[in-house]
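[1] Pasting the sequence and the predicted model now:
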Amino acid sequence: MPTLVLNNVQKSFGTNPVLQGIDLTVTGGQMICLIGASGSGKSTLLRCMNLLEPIDDGTITLDGVDISEPGYDPQPVRQRIGMVFQSYNLFPHMTALDNALLAPRRVHGTSRTELEPKVAELFARFGLADRMHHYPDQLSGGQQQRVAIVRALAMKPQIMLFDEITSALDPELVGEVLDVLRQLRTEGMTMVLATHEMGFARELADTVCFLDRGRILESGSPEQLFGTPEQERTRAFLSRVL
Ligand SMILES: Nc1ncnc2c1ncn2[C@@H]1O[C@H](COP(=O)(O)OP(=O)(O)OP(=O)(O)O)[C@@H](O)[C@H]1O
Ligand SMILES: [Mg+2]
């Protein structure tokens, strides 16, 4: 089981301090939800976790190894820590299956015949068996987002990061994507989600972190954070979104 530990992580864009001393431990099988106002730093935090953004100070360790040192090769880290974004960014000229096969074939140098059955199994597991050979524009937004999740899972990550993956979807398509997360949760995947879906965070998170101006102002179980928030700013945020 993977353990990712962030210790006093700091990040600025120019003179704008975006992460101001983040301490967070992600342990195997847990689901952590990041909530907070627009601009509070949720996406930046996720991007720092899989080394899409360098940090200015603090450390990030994965199973005890400091992966935040300048010069550390991000590639193996990004194989272990997958990420899915709000915009699914599938290649339009490739079928769903080919989209999902692309990265693992490149990285592992594995042949198509060897990989295809394993990736096809992922499609089946997430209710997409009959959509594998479709092109993105033949799929609904919810299906495309599920393909994007399968594509990330095809790399066999140990941790998955999800950044507002339902925000661009029509309301009636949100449910099928959240069902995929429910399933991953049941299978014991370690996950960190930035989400505006408070009901979902409440239902499934082990820990909910409220981000405020680049700090984790408050964190706890969903019962604690939604039920009896301690900080005034948490209460104000929740009263706006609930
Ligand atoms: N590449 C960048 N260059 C400069 N500033 C950035 C960059 N990315 C993010 N920021 C700034 O960092 C701050 C935090 O942004 P971030 O996207 O992490 O917030 P967020 O909590 O994900 O917001 P939202 O809920 O709107 O997605 C914002 O002030 C944003 O303008
Ligand atoms: Mg964001």
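    That came through, no problem. Ligands and ions are numbered 1, 2, ... in the order given.

[2] What is the burial count for residue 177?
    Residue 177: 25 surrounding residues under other Cβ atoms under 10 Å. C-betas here are computed from N, CA, C, even on glycine.

[3] can you give me phi and psi for it?
    phi -80, psi -40 (degrees, to the nearest 10).

[4] Kindly report the same for residue 235.
    Main-chain dihedrals, residue 235, degrees, to the nearest 10: phi -60, psi -40.

[5] Could you pull out the strands in this protein for me?
    Using DSSP state E, the strands found in the chain span residues 3-13, 16-27, 31-36, 57-62, 65-66, 81-84, 159-163, 190-194, 207-212, 215-220.

[6] Residue numbers of the chain in contact with ligand 2?
    For the chain, the residues in contact with ligand 2 (Cβ under 5 Å from the ion) are 42-43.

[7] which bits of the chain sit near ligand 1?
    For the chain, the residues in contact with ligand 1 (Cβ under 6 Å from any ligand atom) are 13, 16, 18, 36, 38-44, 164.

[8] Drop anything exposed from those.
    The neighbour-count test (16 or more other Cβ atoms under 10 Å) applied to the residues of the chain next to ligand 1 identifies 18, 36, 40-44, 164 as buried.

[9] now the residues you listed in TSV, with pLDDT?
    Output for these, formatted as TSV (pLDDT from 0 to 100):
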residue	pLDDT
18	98
36	98
40	98
41	98
42	98
43	98
44	98
164	97
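
[10] Leaving out sequence neighbours, find the closest residue to the closest residue to ligand 2 within the chain.
    Ligand 2 sits closest to residue 43 of the chain, with a gap of 3.1 Å, by Cβ to the ion. In space, residue 43 comes closest to residue 163 once its chain neighbours are excluded; the distance is 5.4 Å by Cβ to Cβ, 6 or more residues apart in numbering.

[11] Show the contacting residues for that neighbour.
    Residue 163 sits next to 42-43, 46, 83-86, 193-194 when contact means Cβ atoms under 8 Å, 6 or more residues apart in numbering.

[12] Show me which pair in those is furthest apart.
    The largest separation in the contacts of residue 163, counting by Cβ to Cβ, is between 42 and 84 at 14.0 Å.

[13] Find the pair from the residues of the chain next to ligand 1 with maximum spatial separation.
    Going by Cβ to Cβ, the pair spanning these furthest: 16 and 164, at 20.5 Å.

[14] got any ranges where the protein has weak pLDDT?
    Within the chain, no stretch has pLDDT under 70.

[15] residue ranges of the helices in it, please?
    Secondary structure of the chain (DSSP state H): helices located at 42-49, 74-80, 96-108, 112-125, 141-153, 171-186, 198-204, 222, 232-241.

[16] want to throw the ones you listed into TSV with distance to residue 32?
    Shown next, in TSV, are those (distance: least, Cβ to Cβ, whole Å):
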stretch	distance to residue 32
helix 42-49	11
helix 74-80	17
helix 96-108	25
helix 112-125	23
helix 141-153	17
helix 171-186	12
helix 198-204	10
helix 222	11
helix 232-241	16
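
[17] Out of the ones you listed, which gets nearest to residue 159?
    Of all the helices of the chain, helix 74-80 comes closest under Cβ to Cβ, at 6.7 Å.

[18] Export only the CA atoms of the closest one, formatted as PDB.
    The C-alpha coordinates for helix 74-80 follow below in PDB (Å, rounded to 0.1, in the frame of the first residue of the first chain):
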ATOM      1  CA  PRO A  74       8.900  12.700 -12.600                       C
ATOM      2  CA  GLN A  75       8.100  10.000 -15.100                       C
ATOM      3  CA  PRO A  76       8.000   6.900 -12.800                       C
ATOM      4  CA  VAL A  77       6.200   9.000 -10.200                       C
ATOM      5  CA  ARG A  78       3.400   9.800 -12.700                       C
ATOM      6  CA  GLN A  79       3.100   6.100 -13.500                       C
ATOM      7  CA  ARG A  80       2.500   5.400  -9.800                       C
END
